[in-house]
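K.L.:
What would the 3D arrangement of this be:
(2 chains)
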Amino acid sequence: MKAGIVIFPGTNRERDMAIALERVTGAKPQVLWHRDTALPEGIDLVVLCGGFSYGDYLRCGAIAARSPIMRPIADHAARGGLILGVCNGFQILCEAGLLPGALLRNAGLRFLSMDCRMRVERTDTPFTAHYRRGQVIRAPMAHGDGNYIADEATLDRLEDEGRVAFRYVTEAGEAVPEAALNGAARNIAGIYSENLRVLGLMPHPEDLVDPLMGGTDGLALFESLAAAA
Amino acid sequence: MKVRVTVMPKSGVLDPQGKAIGHALASLGFAGVSEVRAGKVIELELAETDPARAKGQAEEMARKLLANTVIESFRVELV
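P.N.:
Below is the predicted model of the structure:
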């Protein structure tokens, strides 16, 4: 699998992501610059990492979503290419219209920096094949704007089409409202595009891929990707 | 020509910032504030001199960037 990581001004989680990708592919991911107007030949997976692109000015991800590299990334998506957006990357994908909905300020107004539990909703996707259906995994989160929202019709469509990738749950795996600390609608932590080839999520699976990090709950996501492409 | 774009959270969209401001006003003793909504104001200096065209340009800018119409509404006025 050939992976590329996009760097915007203010991206700050690219090293963690590179470690996770290199661990499963054995190769360093390519670094893509926000001003690039084309993707390198043969890229299978484009990754948008966490951080505070453009200082979160205007809205989180708003400026990054309109930068030059997003045009070839939209073409990559249209061709059925794989895209992973984590945290600020998820916000950018929503702002770019590659995923529906938006991420509002956390309902409690606090920046949340802690572990959360999320449930794997389906395993027949390029991102989750190495998990068990309904598996509850731990993932660190660190965000101020993770409160997922979309209109009711869009939320219903996401549910009907099986496009909710991960839900915030209790340790027992229950998607009760209290488990969504940021207030996300229907406990949504991550969603897929219609063709299941684009995933955006708020928590950071790349930060739990080695026992030295305190766990490996996120590793299966990268193993799934490496096996898929 | 100067144009002002006012961007507000759509009604029905949770506005935690507005809520926090409301709480702070109450703790300062301002009674009777039933709701606070917080948005943003963006002023643009445009080269266009025709008022209708300037307004049209600003509306396009608002749709494409200044507002996220999933969660926000906007109003454009000439100033």
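
K.L.:
Spatially, what comes nearest to residue A:138 if we skip its sequence neighbours?
P.N.:
The shortest distance from residue A:138 to any non-neighbouring residue, by CB to CB, 6 or more residues apart in numbering or on different chains, is to residue A:217 (4.7 Å). Backbone N, C-alpha and C define where each C-beta goes, glycine included.

K.L.:
Now the one you found: which helix or strand?
P.N.:
Residue A:217 is part of no helix or strand when elements are defined by DSSP states H and E.

K.L.:
Contacts for the helix or strand of chain B with the lowest mean pLDDT next, please.
P.N.:
Lowest by mean pLDDT, DSSP states H and E among the helices and strands of chain B is helix B:16-27, with a mean of 92. If you take CB atoms under 8 Å, 6 or more residues apart in numbering or on different chains as the criterion, helix B:16-27 is touched by A:104, A:105, A:106, A:107, A:108, A:109, B:9, B:33, B:35, B:36, B:37, B:38.

K.L.:
cool, stretch A:78-87 as well?
P.N.:
The contact list for stretch A:78-87 (CB under 8 Å, 6+ apart) reads A:13, A:17, A:43-51, A:73, A:76-77, A:91-93, A:98-99, A:126-127, A:141-143, A:146, A:193, A:195, A:197-206, A:225, A:228-229.

K.L.:
what residue ranges in chain A score low on pLDDT?
P.N.:
When residues are selected by pLDDT under 70, none of them lie in chain A.

K.L.:
ok and the residue in it nearest chain B?
P.N.:
Nearest to chain B, among the residues of chain A, is residue A:102, at 4.4 Å (CB to the nearest CB).

K.L.:
That residue pairs with what?
P.N.:
For residue A:102, the beta-bridge partners under DSSP bridges are residue A:149.

K.L.:
Would you confirm that residue A:77 contacts residue A:197?
P.N.:
Yes: between residue A:77 and residue A:197 there is a contact at 7.2 Å, judged by CB atoms under 8 Å.

K.L.:
helices or strands next to the strand or helix carrying residue B:41 in the packing?
P.N.:
According to DSSP H and E, residue B:41 maps onto strand B:40-45. Helices and strands touching strand B:40-45, by 3 or more CB pairs under 8 Å, 6 or more residues apart in numbering or on different chains; DSSP states H and E, are strand B:2-9.

K.L.:
how long is stretch A:50-60 from one end to the other?
P.N.:
Taking CA to CA, to the nearest Å, stretch A:50-60 runs 11 Å from one end to the other.

K.L.:
and that stretch, which residues are buried?
P.N.:
Using 16 or more other CB atoms under 10 Å in any protein chain shown as the burial criterion, the residues of stretch A:50-60 that qualify are A:50, A:51, A:52, A:53, A:54, A:56, A:58, A:59, A:60.

K.L.:
Name the pair among those residues with the greatest separation in space.
P.N.:
Using CB to CB, those reach their maximum pairwise distance at A:50 and A:58, which is 18.3 Å.

K.L.:
So the residue in chain B sticking out farthest from the centre, which state does it fall into?
P.N.:
Of all residues in chain B, residue B:29 has its C-alpha farthest from the mean position, at 26.7 Å, by CA atoms, centre = their mean. What DSSP: H, G, I helix; E, B strand; the rest coil gives for residue B:29 is coil.

K.L.:
ok, it to residue A:185 distance?
P.N.:
Per CB to CB, to the nearest Å, residue B:29 is found 35 Å from residue A:185.

K.L.:
Pull up the residues of chain A that are close to chain B.
P.N.:
With CB under 8 Å from any CB of the partner chain as the criterion, chain A comes near chain B at residues A:58-59, A:62, A:66, A:94-95, A:100-102, A:104-109, A:147, A:149-151, A:183.

K.L.:
So which of the residues you listed belong to strands?
P.N.:
Among these, the members falling in strands (DSSP state E) are A:102, A:104, A:147, A:149.
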